[in-house]
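*Asks:* Need coordinates for the following:
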Amino acid sequence: MDRHDSIRDYKKAWLRQLQKAYDTLLWHKRLSVKSPASLGLMKGASAWGRWVEGEGRLLLSEELILNHPWSAVLGILGHEMAHQLVSERPVAAREGQPAHGPLFQFMGAKLGLDAFYLQATVDLQKNCPRPWPDRDSDRLPDESAKVLDKVRKLLALSGSPVEAEAQAAMKAAARLMARHNLERLEEGGDSGYDYRLIELHAPRIDSRLGLIAHILGRHFFVKALFTPSYDARRDSEGHDLEVVGRPENTRLAEHVCRFLLERSESLWQDYRRAHKGGGLTARNSFIGGLLRGFDQKLDEAAAAEPNIARPEAGERADSAEAPSSGFSALVLAQDKGLTDYFKKRHPRIQTRQPGRRRFCPESDRAGQAAGRALNLNRPLDEGRPAAAGLQLPLL
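*Replies:* Numbering: from 1, shown residues only. The predicted structure is shown next:
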């Protein structure tokens, strides 16, 4: 196969993925169109996307697909789908409306688009909100920014070589976030929620990822779920992890997720070097035990804290959205604003039951011991530097 044949095959694969994303978004948001769009690709860098109403065609830039995260591709696809939904409204309803006016904004909101993708011109490199983290907490409310800054400093202290100091610093950070979230719950209000996409591109959702998502929901005041991802350069499908909550909580949850991914692997490698012959069963058992041990450690720390009032047991959240137990889950279950925000973003959720795996008791016990000794001893990341901007219109 020559290079041109390979490129043609990749473009066919991109169109299949775009069609799948188009159909899924309509199904996911319980929307329908009178006539499905004809999806296509366009060359050049004059625009990221285009809706050609007279022809019923929805075009996306090849440059967009090749050089930007799949989350950005989905955002631009949603933007053009909002134009399609507007075009299907009666002429009288559209008359006098600007291209990106109130009706377009309404349709974009029905599709669940981030406000960033509802603009007429977007800068995907400099300002794209997903999945790149912010460099600092400038966008947070003052009080939330202060809390996150204190947590950042405490996590830095939890790297102390003195075990007692490290434990005290991690517990202080957890206590601070717990009090902060309880205060926000008492204040009420249905605004200030956000989502954060943690780029993993995992080929499958294995037990380690499932346990990490479980820990985030039980202890870090977010709702977590896996979303599809796609690597256009390799034509490979995968999964990313989305966390939903208040911005300061989603930032911390991403940090914890990446910490647990890195540390579980490094601790397994240490254990394997000391215990020859460990294979996949031993690895899965060790990492599973480590994460369960860390989960238990966080449970015990929360139960032992006498100065934090527990919320009253109220209406429980749907088990598909949040773990059924844990201090964080109790707080989230009573946060009606977050529940509504989450259901608006994800009105339909599919759940999967993990399969049965072979088990190594010795590795599991060693993992649990490692997990119970684990501290969040890495400073909260400062984020990535912003790249040079490239603004293009959406038509």
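*Asks:* make it CA atoms for all contacts and neighbour counts henceforth
*Replies:* OK.
*Asks:* Is the most centrally placed residue in the chain in a helix, a strand, or coil?
*Replies:* The residue lying closest to the centre of the chain (Cα atoms, centre = their mean) is residue 242, at 1.9 Å. With DSSP: H, G, I helix; E, B strand; the rest coil as the basis, residue 242 sits in strand.
*Asks:* In contact with it: list those residues for me.
*Replies:* By Cα atoms under 8 Å, 6 or more residues apart in numbering, the contact set of residue 242 is 195, 196, 197, 198, 224, 225, 226, 227.
*Asks:* Same question for residue 209.
*Replies:* So residue 209 contacts nothing (Cα under 8 Å, 6+ apart).
*Asks:* Specify the local secondary structure of residue 59.
*Replies:* Residue 59 is classified as strand under three-state DSSP.
*Asks:* Just give me the neighbour total for it.
*Replies:* Residues near residue 59, counting by other Cα atoms under 10 Å, number 22.
*Asks:* Spatially nearest residue to it (excluding sequence neighbours)?
*Replies:* Spatial nearest neighbour of residue 59, excluding adjacent residues (Cα to Cα, 6 or more residues apart in numbering): residue 40 at 4.7 Å.
*Asks:* that's a strand at that neighbour, yeah?
*Replies:* Yes. Residue 40 forms part of a strand when assessed by three-state DSSP.
*Asks:* quick one: the helix or strand where residue 76 lies to strand 38-42, angle?
*Replies:* Using DSSP states H and E, residue 76 maps to helix 70-87. Using axes from the mean of the first three to the mean of the last three Cα atoms, to 10 degrees, the inter-axis angle of helix 70-87 relative to strand 38-42 is 130 degrees.
*Asks:* Would you mind getting the angle between helix 70-87 and strand 57-61?
*Replies:* Going by the same axes, to 10 degrees, helix 70-87 makes 150 degrees with strand 57-61.
*Asks:* what about helix 70-87, average pLDDT?
*Replies:* For helix 70-87, mean pLDDT is 94.
*Asks:* and it, how far from the chain's centre?
*Replies:* Chain-centre distance of helix 70-87: 19 Å, with Cα atoms, centre = their mean, to the nearest Å.
*Asks:* Send me that helix as CSV with only the CA atoms.
*Replies:* The C-alpha trace of helix 70-87 is given here as CSV (Å, rounded to 0.1, in the frame of the first residue of the first chain):
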residue,chain,number,x,y,z
TRP,A,70,-10.2,14.4,20.2
SER,A,71,-12.1,16.4,22.8
ALA,A,72,-11.5,19.5,20.7
VAL,A,73,-12.7,17.7,17.6
LEU,A,74,-15.9,16.7,19.4
GLY,A,75,-16.3,20.3,20.6
ILE,A,76,-16.1,21.7,17.0
LEU,A,77,-18.4,18.9,15.8
GLY,A,78,-21.0,19.9,18.4
HIS,A,79,-20.7,23.5,17.3
GLU,A,80,-21.6,22.6,13.7
MET,A,81,-24.4,20.3,14.9
ALA,A,82,-25.8,23.3,16.8
HIS,A,83,-25.9,25.2,13.5
GLN,A,84,-27.7,22.2,11.9
LEU,A,85,-30.3,22.2,14.7
VAL,A,86,-30.8,26.0,14.2
SER,A,87,-31.2,25.5,10.5
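*Asks:* Need the contact partners of it.
*Replies:* 21-22, 33, 37, 48-51, 53, 58, 60, 64-65, 94, 103-104, 107-108, 111, 113-114, 117-118, 124, 128, 130-131, 229-232, 394-395.
*Asks:* so of the residues you listed, which ones are in strands?
*Replies:* 49, 50, 51, 58, 60, 229, 230, 231 (DSSP state E).
*Asks:* Let me have those residues in CSV, adding neighbour count and distance to residue 254 as columns.
*Replies:* Formatted as CSV, the ones in strands among the contacts of helix 70-87 follow (neighbours: other Cα atoms under 10 Å; distance: Cα to Cα, whole Å):
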residue, neighbour count, distance to residue 254
49, 25, 30
50, 23, 33
51, 24, 35
58, 22, 34
60, 24, 30
229, 22, 17
230, 22, 20
231, 16, 21
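*Asks:* just the strands in the stretch 151-300 of the chain please.
*Replies:* Per DSSP state E, counting those that start in this stretch, the stretch 151-300 of the chain carries strands over the ranges 194-202, 223-231, 236-245.
*Asks:* The last one vs strand 223-231, what angle?
*Replies:* The reference is to strand 236-245. Using the same axes, to 10 degrees: strand 236-245 against strand 223-231 is 150 degrees.
*Asks:* quick one: low-confidence ranges for the chain?
*Replies:* Judged against pLDDT under 70, the low-scoring parts of the chain cover residues 1-7, 45, 125-141, 159-160, 189-191, 277, 304-325, 352-356, 379-395.
*Asks:* need the helices for it, in chain order.
*Replies:* Assigned helices in the chain, in chain order: 3-28, 62-67, 70-87, 91-94, 102-110, 142-157, 163-187, 207-219, 247-274, 280-303, 327-333, 336-345, 361-372 (criterion: DSSP state H).
*Asks:* domain ranges for the chain?
*Replies:* 3-128, 142-372 (automatic domain parsing).
*Asks:* mind putting those domains in CSV, distance to residue 378 included?
*Replies:* Output for the domains of the chain, formatted as CSV (distance: least, Cα to Cα, whole Å):
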stretch, distance to residue 378
domain 3-128, 26
domain 142-372, 6
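*Asks:* ok, residue 296 to residue 179 distance?
*Replies:* Computed as Cα to Cα, to the nearest Å, the residue 296 to residue 179 distance reads 20 Å.
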